Structures are given as C-alpha cells and as structure tokens.
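1. Here you go, sequence then predicted model.
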Amino acid sequence: MRRASASGTGTAAFCGLAAVLLSVLMITSPAAAAAGRVAVLEIDSAIGPATAEYVTQELSTLDPAQTRLVILEMNTPGGLDSAMREIIRAILSSPVPVATYVAPAGARAASAGTYIAYASAIAAMAPGTNIGAATPVQMGGLPGTMQPAGGSNPQTGGEARKGKPVPEPADTESRKIVNDAAAYIRSLAELNHRNADWAEQAVREAMSLPASQALKLHVVDLIAADIPDLLRQIDGRTVTVDGKPQRLKTTGLAIVKLAPGWRTDFLGVITDPNIAFLLMMIGFYGLIFEFLNPGMVVPGLIGGISLLVALFALSLLPIDYAGAALVALGIGLMIAEVHIGAFGVLGVGGVFAFAIGAIIMFPAGAPGFHLSGAVVGAITAATAAFFFLAVGLLLRSRRRPVVTGREALGGAEGETVVWQDGEGRVRVQGEIWRARSQRALAPGSRIRVVGHDGLVLIVEPA
C-alpha cells in the first residue's frame, strides 16, 4: 500500500509539472510569434548598379520568419532604367512585404523612385516631400535612364498645360519608350490599387506632386512623420505580397537598419562616371608608359588594373559608344603627333576629338550619371599636356645619341695594352676591350676606335 501511494504521488507530481510547463509554453508562444523586426534599407542617391545590387541582395537573403517588413527609406533624383527594373522585380518576388517611405522632409522620389514606390505594397511619404516626374529619357540610342522634368501645379502636380494636350514625341523610338514606360507604371498601379491615371501622366507629362496632394489623389497610401509612425498606421492593413493577400502586424517590431557592404560601396564608387573615366585614363597612361619603357612594371601594373576596373564599371553604365570611340581616336591622334610631328595638326585634332568624346560619352540624361564639366576640362588639359610634354620628352630622349656601351665608343681614343699579329687588347674609356686592326700597333701606342664587330673593336693608330 505504501508503494502504491508513493507511485501515485510521483505520477501526480509529474502531471502537475507537465501542466505548468504547458501553460508556460502557451503563455510565451504568442509573444514568440509576435517577435520580429523591420529591416530598413536606405536609398539616398541616384539609382544605379550599386543600389540595385544592395536592394536585391538584401531582399533575397531575408528570412520571412524573422523579418516582417522591409522599408525602403528613399531620397533619389532618379537613375537608370535597368537598375530600377531590377529592384522592382526583387520587390514583386519578395516573400516579405516592402514599403517605400519617401523621407526625410525635403526628400523626393523622382523618376525611377516613382516606379519603385508604385511597385511597393505600401507607399508612404514624410511631410515636405514630393514624388513624380517619371518621363524616360534616351541615352546613347537606348532607353537607359529615367529623367525628372517638369514644373509644379497645385492642382495636378505637373506643369500647367492650359488644357492643351501634351504632344507625342516626334520620333518613333521615343514614342515606343514613353508608351512602354506608361504601360509599365499603370500595371504597377493596378497591382497595388493606386491612381493609375496620374501615374501615366507622371510619365507622359513629367508631373510631380507634394505629399499632401499625393495622398489626396491616392498616389501614396499615407503620410507618416517617421518610421514608428508609419508602423503604427499600417498595423492591421492587408496588402498583396508575392501575389497573395497578407495582413500586416507591425506593433512591437524592432527597427533594424541594414547598411550596404563594402562590395556595394566599392561598386557605387567605380560606377560614378567621373571615377570610371579617371580610371580609364589612368589605365591608358600607365600602359603607354609601359610600352615606351618596357620593364618599368609599375606603370603597366597600375594601368592594367585601372583599365580593367574601368571597363567593368563602363559595362554597367549606359554610355554612348560614339563618344568612347572619339576618346580613343583623340588619344591615337595625339600619339601620332608625338611620333611623326605634323606641325600640331594631328595634336589639335586629337585634343578636340578627346574633349568632344568625353562630353558625349556620358549624356546628361540621367541624374547622377553624367560627367562633370570640370572633370572633362581637367582631364582634357592633362591628357594634352601628357602627350605633348611628357611623352614628347620621352620619345626625344630615345633619339639622342647613345652615350654608354660599345655604340658610344665610335671615335673614342685609347691605348693598346697587348698587341700581336693584328689583334690584341686596348684600353678605351677606362675599360679593356678586344680589338683588331689592319695596321701594325705596338703596346702603349695611341689608337682610335673606327668601328666594332660584335664585342671586338676595330681600331687604327690615333
């Protein structure tokens, strides 16, 4: 009886402990389910290859179990069409809902930023910001950029047209680009149930809106003072994520800012057209120096690395290949001037070709992706000086008479050291050489060098 009682007591204690553990799990499980974070990605520059890699890489590596929302905190003047579409594809395929937040006050989501906002599940703006001006602009014959343009109208947000219809672009290629962009942004607007008519006007008429008008016309979903205010307002909303409805739960989430890595920062630096152009010129200079002075190694090494990095950066940027060809032609003409001397005609033509090519190589269509006029002027002047002075001096030094070695001994005098049967050894300029002569010489007699046969000097009496 005592054993049965002890056994029953142990069983009761075990059941009680299990009940306590179960109740603890039931209490803590909702809190664990509610735990999560909001990932904030900052876009504070022109949208290019570096921005696209940053956003797409972060979106592809996020864990939906930990990250409940991604916020793109945006302030951009626009950027490249290819980079914008890459970001939008990542947003639309992301299993985590994405919100675009135009902030802080004074920021803008112009051009490519407008498309990204329309593609996001939530579009929000801070007070004192604006959105729009999404007309695409051609670069180098390709639809490479999104260019902000147009003025502001309190009623429509665009340039006042006085009731007149906006004329279609004159050429077929431009019409195709504009129509494609208009259809693209309308599809994004319909996907997230926003104002598709105004979106098309932003493309065709370069319209732009302040935050208050954007909210009134249902271009954006809300105006928020800061990120916590944004999370408070969207809590409980249902959005479309990866083609499926999803209810947002944003209360109690930790806000984590994800900074870009070193590779993204490096890519952002080298894809700046000014940096890419400088690297290209350093590459040209280094290789030319190495070709003119084989064996220096350092100029060739620096030049080769710089040129390869520049070519990689240029492959990611929309450039005008006619401009790149003019730059190469200009360098070739300046090299030809140094070599053959055409009384400055080739050199002046090379300088003009180089300057014109540099100007049109990066057309000024994309904000943040064009060459600075100061950079063009400085590099043109430096290139002209490089070829007319540095390379000219270098080549002229190669035409000077040789002052060392056996080639420099022609006409030099010396004395015989040992002589027998038409040959022997002579001392010339402090060095002992083998020598021969058709005339008889005596040891200690003065001689003059009249030629050489390999390493043997041909001499005669001085």
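-> Received the coordinates, thanks. Numbers count the residues shown, from 1 in each chain.
2. helices and strands around the one helix or strand residue 73 maps to, which ones?
-> When elements are assigned from DSSP states H and E, residue 73 belongs to strand 67-74. Identification of packing neighbours for strand 67-74 by 3 or more C-beta pairs under 8 Å, 6 or more residues apart in numbering; DSSP states H and E yields strand 37-43, helix 49-61, strand 98-102, helix 112-119, helix 227-234. (Glycine included, C-beta is placed from N, CA and C.)
3. go with 6 Å
-> strand 37-43, strand 98-102 (3 or more C-beta pairs under 6 Å, 6 or more residues apart in numbering; DSSP states H and E).
4. Which one of those lies nearest to residue 346?
-> Proximity to residue 346, assessed across the helices and strands packed on strand 67-74 by C-beta to C-beta, is greatest for strand 37-43 (46.9 Å).
5. Check which helices and strands that closest one is in contact with.
-> So strand 37-43, by 3+ C-beta pairs under 6 Å, 6+ apart, packs with helix 49-61, strand 67-74, strand 254-257.
6. if you compare these, which one is most tucked away?
-> The densest packing among those, expressed as mean neighbour count by mean count of other C-beta atoms under 10 Å, is seen in strand 67-74 with a mean of 23.
7. Next, the angle helix 227-234 makes with it.
-> Per axes from the mean of the first three to the mean of the last three C-alpha atoms, to 10 degrees, the angle that strand 67-74 makes with helix 227-234 is 120 degrees.
8. show me the contacts for the residue nearest to the spatial centre of the chain.
-> For the chain, the residue lying nearest the average C-alpha position, counting by C-alpha atoms, centre = their mean, turns out to be residue 271 (1.7 Å). If you count contacts by C-beta atoms under 6 Å, 6 or more residues apart in numbering, residue 271 has them with 48-50, 313, 316.
9. Could you rerun that using 8 Å?
-> 48-50, 313, 316-317 (C-beta atoms under 8 Å, 6 or more residues apart in numbering).
10. Check the gap between it and residue 314 for me.
-> Relative to residue 314, residue 271 is positioned 9 Å away (criterion: C-beta to C-beta, to the nearest Å).
11. Repeat that for residue 298.
-> Between residue 298 and residue 314 the computed distance is 24 Å (C-beta to C-beta).
12. and if you look at residue 304?
-> When distances are taken as C-beta to C-beta, residue 304 and residue 314 turn out to be 16 Å apart.
13. When the two are compared, which one has more neighbours?
-> The residue with more neighbours, out of residue 304 and residue 314 and counting by other C-beta atoms under 10 Å, is residue 314; that gives 21 against 14.
14. what pLDDT does that one get?
-> Among the per-residue scores, residue 314 holds a pLDDT of 88.
15. Quick one: residues contacting residue 330.
-> 349-355, 357, 383 are the contacts of residue 330 under C-beta under 8 Å, 6+ apart.
16. want to try a markdown table for those, with pLDDT and neighbour count as columns?
-> As requested, these are exported to a markdown table (pLDDT from 0 to 100; neighbours: other C-beta atoms under 10 Å):
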| residue | pLDDT | neighbour count |
| --- | --- | --- |
| 349 | 85 | 17 |
| 350 | 83 | 24 |
| 351 | 83 | 21 |
| 352 | 87 | 14 |
| 353 | 89 | 20 |
| 354 | 86 | 26 |
| 355 | 87 | 20 |
| 357 | 88 | 22 |
| 383 | 77 | 22 |
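17. Now do the buried residues in stretch 445-455.
-> Under the neighbour-count criterion of 16 or more other C-beta atoms under 10 Å, stretch 445-455 has 447, 449, 452 buried.
18. same question but for stretch 260-273, I mixed them up
-> Using 16+ other C-beta under 10 Å as the burial criterion, the residues of stretch 260-273 that qualify are 260, 264, 267-268, 270-273.
19. Tell me which of the residues you listed fall in helices.
-> Of the buried residues of stretch 260-273, the ones assigned to helices by DSSP state H are 264, 267-268, 270, 273.
20. so where do the helices sit in the stretch 151-300 of the chain?
-> In the stretch 151-300 of the chain, the segments counted as helices under DSSP state H, counting those that start in this stretch are 172-191, 196-204, 211-216, 227-234, 262-270, 273-292, 298-316.
21. Nearest to residue 114, out of those helices?
-> The stretch from the helices of the stretch 151-300 of the chain with the least distance to residue 114 (C-beta to C-beta) is helix 196-204; that distance is 5.9 Å.
22. so what's the residue lying closest to residue 308 once chain neighbours are set aside up against?
-> With sequence-adjacent residues excluded and distances taken as C-beta to C-beta, 6 or more residues apart in numbering, residue 308 is closest to residue 283, at 7.6 Å. In this structure, residue 283 makes contact with 303-308, 310, judged by C-beta under 8 Å, 6+ apart.
23. Residue 375 too?
-> Contacts of residue 375 by C-beta under 8 Å, 6+ apart are 274, 277-278.
24. Show me the contact partners of the helix or strand hosting residue 86.
-> Residue 86 is part of helix 81-93 when elements are defined by DSSP H and E. Taking contacts as C-beta under 8 Å, 6+ apart, the residues outside helix 81-93 that touch it are 47-49, 51-52, 55-56, 59-60, 98, 112, 115-116, 119-120, 136, 143-146, 188, 191, 242, 318.
25. Make a PyMOL selection of the buried ones in the residues you listed.
-> Only the buried members of those end up in this PyMOL selection, burial being decided by 16+ other C-beta under 10 Å:
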select buried, resi 47+48+49+51+52+55+56+59+98+112+115+116+119+120+136+143+144+145+146+188+318
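26. Could I get the average pLDDT for stretch 280-291?
-> Averaged over stretch 280-291, pLDDT sits at 85.
27. ranges for the helices of the stretch 301-450 of the chain?
-> With DSSP H, counting those that start in this stretch as the criterion, the stretch 301-450 of the chain has helices spanning 321-340, 345-361, 373-385, 392-399.
28. Could you identify which of the ones you listed is most buried?
-> The highest mean neighbour count among the helices of the stretch 301-450 of the chain belongs to helix 345-361 (a mean of 20), with neighbours defined as mean count of other C-beta under 10 Å.
29. Give me the helices and strands touching it, please.
-> In terms of contacts (3+ C-beta pairs under 8 Å, 6+ apart), helix 345-361 is packed against helix 321-340, helix 373-385.
30. go again using 10 Å as the cut-off
-> In terms of contacts (3 or more C-beta pairs under 10 Å, 6 or more residues apart in numbering; DSSP states H and E), helix 345-361 is packed against helix 273-292, helix 321-340, helix 373-385.
31. Redo those as TSV? Include distance to residue 223.
-> Supplementary listing: those in TSV, determined by distance: least, C-beta to C-beta, whole Å:
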stretch	distance to residue 223
helix 273-292	35
helix 321-340	43
helix 373-385	39
